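Participant: Got a predicted model here, sequence first, then my questions.
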Amino acid sequence: GEIGRMGAPGRREIGHGKLGERALSYVLPSEEEFPYTIRCVADVCESNGSSSQASICANCMSLMAAGVPIKGIVSGIAMGLITSGPLDGNHPYTILTDIQGLEDHFGDMDFKCAGTSKGLTALQMDIKIHGVTREVLSEALAQANKARAEIREAIASCISEPRKEVSKYAPKMVTFKIDPDKIRDVIGQGGKVINDIISRCNDVKIDVEEDGTITIYHTDKEMIEKAKAIIDDIVREAKVGEIFEGKVTRVEDYGAFVNLFGDTDGLCHVSRLKWGYVEDASKVVKVGDMLKVVVIGLDEKGKITLSHREFEEKPEGYVEKEERVKKNDNHSSKFHGKPSSKRK
């Protein structure tokens, strides 16, 4: 710990910080996976060993506790060296693991090693002799590897993996992409649509980029998911063959309009409600009924044609009348619904 006046970070603090940052940087998630700013602080109150390596181990645990999805546990250890003379093979030497203050002061080497089970992520060596041999370096790395493994086990016994969620008090966010051509639909005229989403979702913050990247922020994850679901419905497009369980919103003589998602409706023509002849759609469905339908057609204006009879049992020996099919198809294309199939 420091006993003198505390001021701006010194050379030692900056150096240790850079070493710790490098050691942990290899396991940090990408910005797309975890779009947060990360700041780690280690206040060492007392030390009789390597404060930098202790900080690496502590910060690794704090990242996991905070819910940062790091790729592995990082542990660090400081190795020392005591020599009795030149490293020429004629003078014995001793490699120390987890050196203390006196061993660092009187020893000939301070060799910091940090990394995961897959390999090293940071190294730093301070020596008071002219150099070390390949044999000494190899022996020190092997000894450090064993020590780091033991430290990882100790860390895993306290917290073995990152928490699945960040703190409930932390701002949460989700980032996803939409078709840039759909941005105008999400924002709406004069911001009407996006402001409505914000008010419906407890004042979530929504950022929209020109490339279609949308980021939603809030402390409540449910509100984020609600806002995302609304946006997904706005930009979603029905595809031929898709099946929906939708609510009937309007019934006319010629068919029923069914809400598929958001404000998107499609028309199920009266000839597609049942396999047999249906004179009036209102005799088969009513407003508010849930109807299972499949998308069978899309025109240039985005009007959606639906069919329900595929989910009814087909009468034995039923034969489609070609003339009636052509007539119904013409009628269907005329009365699909209003342009864009979006209810205002």
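Facilitator: Thanks, I have it.
Participant: can we go C-alpha only for contacts and neighbour counts from here?
Facilitator: OK.
Participant: Which neighbouring elements make contact with the host helix or strand of Lys292?
Facilitator: Here Lys292 sits within strand 290-298, counting by DSSP states H and E. Judged by 3 or more Cα pairs under 8 Å, 6 or more residues apart in numbering; DSSP states H and E, strand 290-298 is in contact with strand 243-252, strand 304-307.
Participant: Quick one, which of those gets closest to Tyr277.
Facilitator: strand 304-307 (14.2 Å; Cα to Cα).
Participant: got a list of contacts for that closest one?
Facilitator: 238, 265-269, 272-273, 293-298, 332, 336, 341 (Cα atoms under 8 Å, 6 or more residues apart in numbering).
Participant: cool, stretch 12-23 as well?
Facilitator: Contacts of stretch 12-23 (Cα under 8 Å, 6+ apart): 52-53, 55-56, 74, 114-115, 121-124.
Participant: Report the buried members of the residues you listed.
Facilitator: Among the contacts of stretch 12-23, those buried by neighbour count (16 or more other Cα atoms under 10 Å) are 52-53, 55-56, 74, 114-115, 121-122.
Participant: Make CSV from those residues and add secondary structure, pLDDT and distance to His91 to it.
Facilitator: Below are the buried ones among the contacts of stretch 12-23 laid out as CSV (DSSP: H, G, I helix; E, B strand; the rest coil; pLDDT from 0 to 100; distance: Cα to Cα, whole Å):
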residue, secondary structure, pLDDT, distance to His91
Ser52, helix, 92, 31
Gln53, helix, 94, 30
Ser55, helix, 95, 35
Ile56, helix, 96, 35
Val74, coil, 97, 35
Ala114, strand, 97, 29
Gly115, strand, 97, 31
Thr121, strand, 97, 32
Ala122, strand, 97, 30
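Participant: tell me the helices in the stretch 201-344 of the chain, going along the chain?
Facilitator: 221-235, 322-334 (DSSP state H, counting those that start in this stretch).
Participant: Quickly, which of those helices bottoms out on average pLDDT?
Facilitator: Mean pLDDT is lowest for helix 322-334 out of the helices of the stretch 201-344 of the chain, coming in at a mean of 46.
Participant: any idea of the mean pLDDT for the host helix or strand of Leu102?
Facilitator: Per DSSP H and E: Leu102 is located in helix 101-106. The average pLDDT within helix 101-106 is 90.
Participant: same question, stretch 199-217
Facilitator: Rounded mean pLDDT across stretch 199-217 is 93.
Participant: ends of it, how far apart?
Facilitator: 14 Å (Cα to Cα, to the nearest Å).
Participant: mind checking how far the nearest residue to Lys226 once chain neighbours are set aside is from His218?
Facilitator: In space, and not counting its chain neighbours, Lys226 is closest to Cys201: 6.7 Å by Cα to Cα, 6 or more residues apart in numbering. Plainly put, Cys201 is 9 Å away from His218 if you go by Cα to Cα.
Participant: Repeat that for Ile151.
Facilitator: 37 Å.
Participant: Over to Leu102?
Facilitator: Distance from Leu102 to His218, by Cα to Cα: 51 Å.
Participant: which ones are touching Val204?
Facilitator: 198, 216-218, 223-224, 227.
Participant: can you give me the strands for the stretch 51-200 of the chain?
Facilitator: Using DSSP state E, counting those that start in this stretch, the strands assigned to the stretch 51-200 of the chain run over residues 75-83, 93-97, 109-116, 119-127, 172-177.
Participant: what's the domain layout of the chain?
Facilitator: 11-158, 172-235, 243-341 (automatic domain parsing).
Participant: mind putting the ones you listed in JSON lines, distance to Glu165 included?
Facilitator: What follows is the domains of the chain, written out as JSON lines (distance: least, Cα to Cα, whole Å):
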{"stretch": "domain 11-158", "distance to Glu165": "5"}
{"stretch": "domain 172-235", "distance to Glu165": "9"}
{"stretch": "domain 243-341", "distance to Glu165": "29"}
